[in-house]
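>>> what follows is a predicted structure for the sequence shown.
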Amino acid sequence: MKSAEELFIIGIAAILPTYQLGIGDISTIIDNNGNEYLVASKVKTILNRLARIYALDLKQVRRKYSHVIRQKNIVPIPFSEHFILIPFKIRKPKAENDGSLGYISLESIYKIEEIKEENNVFIILKSGKRIKCLVSYKTANRHIQNAHIVKNHYRELHSQFCISVQERDIANPWEQPATKRDIALLASQIAELKRFLNINKKIPLS
């Protein structure tokens, strides 16, 4: 069974809402190798923990990129250039507070497969895993296109920042000695990472 650190090295491909008998509303995480894990937290909680690890303000990020893609809801979340989570409707909630959305990493998507008789799709991951999404082929395509727009904007924004830093002739911060504050922040992020997952067991997705 992998630790949280190992899972982050492999990479997260998807975070999906899951109903587990005797437990309730929890989540399934799929890594980039196709391994699946039950996590004793709701999807929203996992996103908030990821945001703390990446020092990201989810509310601000969603507001910012909703303007970029000109769409208020279903906004892709860029944790980094190569880790952008796309919201997809995964299920019909059984209770009012149960979420319907799961999140799939843009970098992990291989293709979309249409289920014509249901007007739904399977998102096929590069690992070969298939995730059923309750959206049309057209809608799924639009979500992925929006994620590419977000990725391009994110890349451009950060490349401009790097150029600006070089123009001001500021030394690369990664080459500077770590301060006590840096070490404390890193220790805090590692502790949060270790708390991130409560992995119970590997399960097959139905």
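Sure, I can see it.

>>> in stretch 123-133, what's buried?
Ile123, Ile124, Leu125, Lys129, Ile131, Lys132, Cys133 (16 or more other C-beta atoms under 10 Å). For every residue, glycine as well, the C-beta is placed using N, CA and C.

>>> residues touching the third one, list them.
Same thing as Leu125. Residues in contact with Leu125 (C-beta atoms under 8 Å, 6 or more residues apart in numbering) are Ala13, Ala14, Ile30, Gly34, Ile104, Ser108, Ile109, Tyr110, Ile131.

>>> center of the chain, which residue is that?
In the chain, the centroid-proximal residue (C-alpha atoms, centre = their mean) is Leu85; its distance is 3.5 Å.

>>> so which elements touch the strand or helix carrying Lys64?
Assessed by DSSP states H and E, Lys64 sits inside helix 58-69. Under the contact criterion of 3 or more C-beta pairs under 8 Å, 6 or more residues apart in numbering; DSSP states H and E, helix 58-69 touches helix 43-53, strand 77-80, helix 137-167.

>>> can you give me the buried ones in the longest one?
For helix 137-167, a neighbour-count test (16+ other C-beta under 10 Å) marks Tyr137, Thr139, Ala140, His143, Ile144, Asn146, Ala147, Ile149, Val150, Lys151, Tyr154 as buried.

>>> one more: stretch 107-117?
Glu107, Ser108, Ile109, Ile112.

>>> so what pLDDT did the third one get?
According to the per-residue confidence, Ile109 scores 98 in pLDDT.

>>> quick check: it touching Lys126?
Yes. If you go by C-beta atoms under 8 Å, Ile109 and Lys126 touch, sitting 7.3 Å apart.

>>> count of residues packed around the residue nearest to Ile10 when sequence neighbours are not counted?
Among residues not flanking Ile10 along the chain, Asp31 sits closest, at 4.6 Å (C-beta to C-beta, 6 or more residues apart in numbering). Per other C-beta atoms under 10 Å, the neighbour tally for Asp31 reads 21.

>>> so can I have a markdown table of the buried residues of stretch 123-133 showing pLDDT, secondary structure and distance to Ile77?
Below are those laid out as a markdown table (pLDDT from 0 to 100; DSSP: H, G, I helix; E, B strand; the rest coil; distance: C-beta to C-beta, whole Å):
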| residue | pLDDT | secondary structure | distance to Ile77 |
| --- | --- | --- | --- |
| Ile123 | 98 | strand | 16 |
| Ile124 | 98 | strand | 21 |
| Leu125 | 98 | strand | 18 |
| Lys129 | 97 | coil | 20 |
| Ile131 | 98 | strand | 17 |
| Lys132 | 98 | strand | 21 |
| Cys133 | 98 | strand | 17 |
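
>>> export these to CSV and tack on distance to Phe79?
Shown next, in CSV, are these (distance: C-beta to C-beta, whole Å):
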residue, distance to Phe79
Ile123, 19
Ile124, 22
Leu125, 18
Lys129, 20
Ile131, 19
Lys132, 24
Cys133, 21
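
>>> and the helices and strands packed on helix 58-69, which one averages the lowest pLDDT?
Minimum mean pLDDT among the helices and strands packed on helix 58-69: helix 137-167, a mean of 82.
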